[in-house]
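> need coordinates for the following:
(2 chains, ligands or ions: 2)
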Amino acid sequence: MTLLTVEDLTVTFPGRRGSVNAIENVSLSVEPGEILGMVGESGAGKSMTGAAIIGLIEPPGHIAGGRITLEGERIDTLPPEAMRRIRGRRIGAIFQDPLTSLNPVLTVGEQLIETIQTHLGLSRAAARERAIDWLRRVGIPAPEARIDTYPHQYSGGMRQRVVIALALCAEPRLVIADEPTTALDVSVQAQIIALLRRLARETGVAVILVTHDMGVIAETADRVAVMYAGRIVEVGPVARVLANPRHPYTEGLMASIPRIGPRPDRLAQIEGAMPRPHARPPGCAFAPRCPHRFAPCVERRPELRGTAAAAVACHLTTEVPA
Amino acid sequence: MLGFLIRRIIQSIFVMLAVALIAFMMFRFMGDPVNSMVAETATTEEREAVRERLGLDQPLWVQYGRFVARAAQGDFGLSWRNARPVSTLLAERFPATAELVLVAAGLSLLVGIPLGILTALKPGSLSAQTLQFVSLIGISLPTFVTGILLILVFSVWLNWLPSFGRGTVVDIGWWSTGFLTVSGLKALILPSVMLCLFQLTLIMRLVRAEMMEVLRTDYIKFARARGLPNRSIHFRHALKNTLIPVITIFGLQLGGLIAFAIITETVFQWPGMGALFIQAVSFGDVPVMAAYLVLVSLIFVVINTSVDLLYAVLDPRLRADAARAAH
Ligand SMILES: Nc1ncnc2c1ncn2[C@@H]1O[C@H](COP(=O)(O)OP(=O)(O)OP(=O)(O)O)[C@@H](O)[C@H]1O
Ligand SMILES: [Mg+2]
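Ligands and ions are numbered 1, 2, ... in the order given. This next block holds a predicted model:
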């Protein structure tokens, strides 16, 4: 069974000047054990998609349309308490900054043990055993001693390992890793990605891996979803998308791979900038920057067409015979 | 930790020496004490004899040294007003002030922290907004006005609580306590409410602001993302981080409470050190004033040092820094 299905998801923020959609009609699916890469410029809606899936959109933002299904069960309409039980237990999350993700006044062990006990109902001693085990699995040396130390006694890379242990310790089926290496030293980034990949293989957890680094996507992900201005514009197997992008935006993104910086916020290959949520054009949001623009692009928004595994939202692929 | 403690103690000693200097100078500003000790017809020889007997012919720094040495043993001489030892006077008055300040401080914490948490967790609710508004009044109204209003309502109109004094007190050794009798407890209510009001509102607003700040941090978001129950997120993960800065302010304010107690003791004719001090001021009773100054400063210094230590115990980051600095 498909692990996670997101259909037509729209997240709206009511504001003084009317409401804006942070993401619009986002559809995607994740298979068990799969690593789905997610890329797109800053503000494209990657984090918002993740927040919607784990049910932690900050008010006044809310899901205004669509549905989210986890292992066949609809979860976007669950009451808060039921959704809380899913977080950590069935969907984990890893955030960007390990320096601020850990509570400074609780030991690493206290944070791990509490998370394990909350979801798995183990005794304190058993939870502690498991916490030590997780620290070992994420590569913390001497975990029996380190478990009783505070986060500030760890380096940045070590803290992100702890964060990963915290996200996985209740054995979720899916983990959303939102730029897990952006805040780290370049030398540590590769280790963290390798760790994530190894744990995904060992535990069978599926990963939604948000990153700006196309190199990481190429090495790590099975499929990749490309977001632009709150929508998914293309999704497909990594090898195929990299070699043969169908959406002009993906094409521009791929052209930027050799020049991977930490954050290609602005693509050298594509003139212009992504429109803000309240200033999106009526047609295709990418049309103003698109080298292949033609009449339908400014009139109608292209639908995401294709299968759940591979799809593209571009008039070129539907209107023009190949 | 030990190094930190030793450094703080050395600092405290310097602070106390400076305070003692100010207290010592007060004697000089009050004019020549010999004038008030001898008959107006005394000869110069007689005056010099008194001067010598009191050690006033010595250089200033020797006199200061003797003052400090005696003060360190709790000896501040005799009151000029009733010729009783100043230390005895203060010891008699100390329990009244200590109990008043203790109750006020306890009230401000026990009420202020929960109210702060409540208003932080439900910022939009009617009760939170009402509390915010009321706390604004509490913080801007002068305390003697609230004291007089309290007397008006609860003593004059309702006749529920006494408007002055400590009620019946019980002596335990040299300590006289109002905690053991009903009238003593009743007498404590109005003064401690008046005294705590400002601090209570301050703590409530501080806890609220800190808590809201903490609830926005990444580690709270991550705790939510791990599905921890709200109870744990609010009271385990957020509260401890909230209280660390609150403790510092509370420590500073505790000293403030002792100072503010002067007003409260005056309004309620509370027989504490503050009232003693006011009397001493109006009679120009310098030894009592000097002793009060030194004693209150000592309490300030002790509280602040304890707060710093407590802070280090609560915040693991500081604990490590202190340990590193000590090596
Ligand atoms: N609290 C908010 N109120 C209104 N709009 C918001 C809010 N938070 C995010 N948005 C909007 O939602 C859109 C998507 O933001 P999101 O954080 O998901 O982007 P992102 O793709 O994760 O970007 P980045 O790469 O910078 O992390 C943005 O246009 C942003 O302006
Ligand atoms: Mg983001």
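
> for the stretch 151-300 of chain A, what spans make up the helices?
A:156-168, A:186-203, A:214-220, A:238-243, A:248-255, A:295-299 (DSSP state H, counting those that start in this stretch).

> in the first one, what's buried?
Burial within helix A:156-168, assessed by neighbour count using 16 or more other Cβ atoms under 10 Å in any protein chain shown, is assigned to A:157-168. Heads up, the C-betas are built off the backbone N, CA and C, glycines and all.

> could you export these as JSON lines, including distance to chain B and pLDDT?
Shown next, in JSON lines, are these (distance: Cβ to the nearest Cβ, whole Å; pLDDT from 0 to 100):
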{"residue": "A:157", "distance to chain B": "17", "pLDDT": "90"}
{"residue": "A:158", "distance to chain B": "16", "pLDDT": "92"}
{"residue": "A:159", "distance to chain B": "11", "pLDDT": "93"}
{"residue": "A:160", "distance to chain B": "12", "pLDDT": "92"}
{"residue": "A:161", "distance to chain B": "14", "pLDDT": "94"}
{"residue": "A:162", "distance to chain B": "11", "pLDDT": "95"}
{"residue": "A:163", "distance to chain B": "7", "pLDDT": "95"}
{"residue": "A:164", "distance to chain B": "12", "pLDDT": "95"}
{"residue": "A:165", "distance to chain B": "11", "pLDDT": "95"}
{"residue": "A:166", "distance to chain B": "6", "pLDDT": "96"}
{"residue": "A:167", "distance to chain B": "7", "pLDDT": "95"}
{"residue": "A:168", "distance to chain B": "10", "pLDDT": "95"}
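
> and which of those residues is nearest residue A:67?
Nearest to residue A:67 among those, counting by Cβ to Cβ, is residue A:167 at 24.5 Å.

> list the contacts of that closest one.
Shown in contact with residue A:167 (Cβ atoms under 8 Å, 6 or more residues apart in numbering or on different chains): A:88, A:92-94, A:175, A:177, B:225-226.

> my read is residue A:24 is in a strand, agree?
Yes - when DSSP: H, G, I helix; E, B strand; the rest coil is applied, residue A:24 is found to be in a strand.

> count the neighbours of it for me.
Look at residue A:24: counted by other Cβ atoms under 10 Å in any protein chain shown, it has 23 neighbours.

> contacts only, for it.
Residue A:24 touches A:10, A:230-231, counting by Cβ under 8 Å, 6+ apart.

> filter those residues by proximity to ligand 1?
The subset of the contacts of residue A:24 within reach of ligand 1, by Cβ under 6 Å from any ligand atom, is empty.

> which of those fall in strands?
A:10, A:231 (DSSP state E).

> quick check: the one residue in chain B that gets nearest to chain A vs ligand 1, distance?
In chain B, the residue that lies nearest chain A is residue B:227 (3.3 Å; Cβ to the nearest Cβ). To ligand 1, residue B:227 is 21 Å away according to Cβ to the nearest ligand atom, to the nearest Å.

> from what I can see residue B:222 touches residue A:166, true?
Yes - if you go by Cβ atoms under 8 Å, residue B:222 and residue A:166 touch, sitting 7.4 Å apart.

> show me the longest helix that occurs in chain B.
Secondary structure of chain B per DSSP state H: the longest helix is helix B:86-121.

> and the next helix or strand past that helix?
helix B:126-140 (DSSP states H and E).

> not counting sequence-adjacent ones, nearest residue to residue B:252?
Closest residue to residue B:252 apart from its sequence neighbours, by Cβ to Cβ, 6 or more residues apart in numbering or on different chains: residue B:304 at 7.2 Å.

> how about the closest residue to residue A:177 other than its chain neighbours, phi and psi?
Closest residue in space to residue A:177, ignoring its immediate chain neighbours: residue A:94 at 4.2 Å, by Cβ to Cβ, 6+ apart. Main-chain dihedrals, residue A:94, degrees, to the nearest 10: phi -120, psi 130.
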